[in-house]
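Colleague: Fold the following and give me the result.
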Amino acid sequence: MLSMPRTPLNIRDVDTAVKPWIRENQPEGLAETAVVEEADMIFQILRFVEVVSSPSEVLHTFSRNPLESHMADALLAGGVAGDLDVPRMVQALRAATTAGSAWAPLWLGDVEALPSVAEAAGEEGISVASSRRRWYLEADARGHPDARQRLTGVTQLGFDRSTSQRPTGFNIDTL
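Modeller: Numbering: from 1, shown residues only. Predicted coordinates for the structure are as follows:
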């Protein structure tokens, strides 16, 4: 049996990260936060991807508003359907952030640890730790509860060129 390579936004990891935040798992009173509403939307996209194999149909179905459209594109480009396009994923996550996402800046902070993204940030003269911190601060400002935990670990997990310690994998739930 062939195993598929692990992608940044693979369906199992995204599902694990989002599931605790969906509406049905929230106590009374927390069910209407933007993080929960967006988690519900992401969860719907994941369930649809499991049933529908056509990326164009997924994108068409989830095109009612810019946030939904960009998040569906980011998830597809990040590998939930198996194919990975890192530049498109980063672009879609940035667009989702612009559209008001609380999840996209959190995941942008995570993907900054990927070697291809980290090297691009380094070429722009931005330290990876600084860039990741900026994204996590944005997620925190938008009310994502996981952002503070990511902020505390950002210096320990940063890309250090002097020791060539580069992250070898990506897990949106544990970075």
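Colleague: In CSV, list the C-alpha atoms belonging to the helix or strand hosting Thr152.
Modeller: Secondary structure from DSSP states H and E places Thr152 in helix 147-157. Output of helix 147-157 as CSV, limited to C-alpha atoms (Å, rounded to 0.1, in the frame of the first residue of the first chain):
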residue,chain,number,x,y,z
ALA,A,147,-2.6,31.8,19.2
ARG,A,148,-1.1,32.5,22.7
GLN,A,149,0.3,29.0,23.0
ARG,A,150,1.9,29.3,19.6
LEU,A,151,3.4,32.7,20.6
THR,A,152,5.1,31.2,23.7
GLY,A,153,6.8,28.6,21.6
VAL,A,154,7.7,30.6,18.5
THR,A,155,11.3,31.4,19.6
GLN,A,156,11.9,27.7,20.4
LEU,A,157,10.5,26.5,17.1
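Colleague: Now that helix: average pLDDT?
Modeller: Regarding helix 147-157, the rounded mean pLDDT is 77.
Colleague: contact partners of it?
Modeller: 105-106, 109-110, 113, 129, 132-133, 136-137, 139-140, 167, 175 (C-beta atoms under 8 Å, 6 or more residues apart in numbering). For the C-beta atoms, the positions are set from N, CA and C on the backbone; glycine is no exception.
Colleague: distance of the closest residue to Ser101 other than its chain neighbours from Ala102?
Modeller: Setting aside the residues directly before and after it, Ser101 is nearest to Leu67 in space (C-beta to C-beta, 6 or more residues apart in numbering), at 5.8 Å. Plainly put, Leu67 is 10 Å away from Ala102 if you go by C-beta to C-beta, to the nearest Å.
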